[in-house]
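Chemist: here you go, sequence then predicted model.
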Amino acid sequence: MLKFKGCQHFRQRLVCSTLSGRPIRIDDIRAADPESPGLRDFEASFLRLLEKLTNGCVVEINETGTSLRYRPGVVVCGSGLSHDCGSSRSIGYFLEPLLILGLYGKKPLSITLRGITNDGTDPGVDTFRTVTLPLLRKALGLEDGLELRVVSRGAAPGGGGEVVLRVPMVKQLGPVKMEDEGMVKRIRGVAYSMKVSPQVTNRMVDGARGVLNALLADVYVFTDATSGLSSGKSPGYGITLVAETTSGCLVSAEACCAARRREGDAEGAAAGGALDDSEQQGGRQQVPEDVGVTAAHMLLEEIRRGGVVDGSHQGLMLLLCALGPEEANSLRLGPLTPHAVRTLRHIRDFFGVTFSLRPERSSSTLFATCVGANVRNVSRRVT
């Protein structure tokens with residue numbers, strides 16, 4: 001049994017435990033917090049989601065919630081599943097683990113998730129739809145069956161959004177070889193708004209184009225101004241930008257502005273209301289033009305860092321390499337994020353896979369190479 005301490009990388013530890021079949025124990029989960037120690041409601045929600053996807057898993061939690069023992073079961077998945085993600089974290093918190101586990105299911109995964117679709121903490125559903133899924137298709141060679149459909153949007157804190165995720169099952173992953181980052185040839189994006197004036201989306205586009213048109217002319221940002229039942233329960237707006245390179249790589253950045261969550265009042269804000277300046281994300285006023293400019297600068301920073309993926313996708317790609325066949329899997333990455341560094345440690349602990357990191361001084365990038373653990377889908381029916 002592997003033992004860990006603290007609440008960091010809670011999802012990744014459970015996913016790696018499920019795929020490797022190794023039980024884990026996590027101690028000292030916010031034990032130093034005198035007011036609310038132990039698991040948060042979104043972590044308990046993720047454990048309930050794991051129980052829906054697997055068969056035979058055992059979860060033991062002590063009285064204070066500061067210690068957890070998890071014995072993995074068999075990944076089953078299936079269709080017709082649904083899960084309420086709550087209002088503490090957005091749907092993006094649950095999507096990345098679902099993408100990995102769904103590939104190793106006994107049946108193809110089809111699940112409906114309800115909650116917050118866009119906030120400033122987790123990746124938005126637009127990032128998953130326009131970047132993460134195409135990245136998986138390219139890296140793994142998936143033809144069809146991988147789909148994310150946004151039924152309705154929901155901003156923090158009220159939520160009210162709904163998405164449908166479909167993930168096909170695979171026998172085993174193919175090798176990942178992505179070393180050519182290419183040059184940026186065009187930029188696309190989506191500016192969205194919920195329960196605010198439709199003009200807000202155009203103002204965000206103007207702010208982003210004012211920065212990006214100095215880089216290249218091929219910039220087009222779609223607008224999605226929702227209202228009524230498809231706009232959730234709270235007002236908010238944001239923008240997602242994607243840079244596509246000549247080699248087919250996708251680099252993304254996003255910025256979002258929504259009403260700030262209040263401690264102990266997750267339910268009270270569900271009715272919506274006006275988006276006051278005092279409740280803007282980060283406690284300061286963010287006009288739509290500023291949101292567009294912020295997202296554009298974040299995208300340019302990701303492009304400057306280099307690599308075939310942006311910083312938010314480094315951990316996912318490293319995990320795909322480790323799960324791959326027993327042959328060379330290679331990636332070109334920019335400077336490693338703290339999340340990617342911890343991912344490398346978990347890959348070593350659970351699968352015994354270590355990466356060879358070779359820096360390239362001319363581009364300030366590094367090549368990450370490993371021999372995969374050849375993790376097969378043991379749940380898949382043999383035909």
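Modeler: Okay, I see it. Everything quoted here is computed from the prediction, not taken from an experiment.

Chemist: any idea how many residues pack against the residue nearest to Met204 when sequence neighbours are not counted?
Modeler: Closest residue to Met204 apart from its sequence neighbours, by C-beta to C-beta, 6 or more residues apart in numbering: Gly292 at 4.0 Å. (Glycine included, C-beta is placed from N, CA and C.) Gly292 is flanked by 29 other residues according to other C-beta atoms under 10 Å.

Chemist: so Gly292 is in which element?
Modeler: Taking DSSP states H and E as the criterion, Gly292 maps to helix 288-305.

Chemist: show me what that helix is packed against.
Modeler: If you count contacts as 3 or more C-beta pairs under 8 Å, 6 or more residues apart in numbering; DSSP states H and E, helix 288-305 packs onto strand 184-194, helix 199-212, strand 236-245, strand 250-258.

Chemist: quick one: buried residues of that helix?
Modeler: 288-296, 298-300, 302-303, 305 (16 or more other C-beta atoms under 10 Å).

Chemist: wait, which of those residues is closest to Ser364?
Modeler: The shortest approach to Ser364 among the buried residues of helix 288-305 belongs to Arg305, at 7.7 Å (C-beta to C-beta).

Chemist: the closest one against Leu299, yeah?
Modeler: No - contact criterion C-beta atoms under 8 Å: Arg305 and Leu299 do not qualify, at 10.9 Å.

Chemist: and for these two, which residues touch both?
Modeler: Common contacts of Arg305 and Leu299, defined by C-beta atoms under 8 Å, 6 or more residues apart in numbering, are absent altogether.

Chemist: ok, back up a step: let's have the helices and strands packed on helix 288-305 in TSV, adding mean neighbour count and distance to Arg30.
Modeler: What follows is these, written out as TSV (neighbours: other C-beta atoms under 10 Å; distance: least, C-beta to C-beta, whole Å):
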stretch	mean neighbour count	distance to Arg30
strand 184-194	23	32
helix 199-212	20	36
strand 236-245	26	28
strand 250-258	26	25
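
Chemist: among those, which gets the worst mean confidence?
Modeler: The minimum mean pLDDT among the helices and strands packed on helix 288-305 belongs to strand 250-258 (a mean of 90).

Chemist: so who does Ser330 touch?
Modeler: Listed by C-beta under 8 Å, 6+ apart, the contact partners of Ser330 are 176-179, 321, 367-369.

Chemist: which one is it nearest to, not counting chain neighbours?
Modeler: Thr369 (4.5 Å).

Chemist: go on, Val196?
Modeler: Excluding the flanking residues, the one nearest Val196 by C-beta to C-beta, 6+ apart is Pro235, at 5.1 Å.

Chemist: returning to what we had before: as a markdown table, the contacts of Ser330 with secondary structure, pLDDT and neighbour count would be great.
Modeler: A markdown table is the format used below for the contacts of Ser330 (DSSP: H, G, I helix; E, B strand; the rest coil; pLDDT from 0 to 100; neighbours: other C-beta atoms under 10 Å):
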| residue | secondary structure | pLDDT | neighbour count |
| --- | --- | --- | --- |
| Val176 | coil | 91 | 24 |
| Lys177 | strand | 92 | 15 |
| Met178 | strand | 91 | 21 |
| Glu179 | coil | 91 | 14 |
| Cys321 | helix | 94 | 27 |
| Phe367 | strand | 94 | 15 |
| Ala368 | strand | 95 | 23 |
| Thr369 | strand | 95 | 16 |
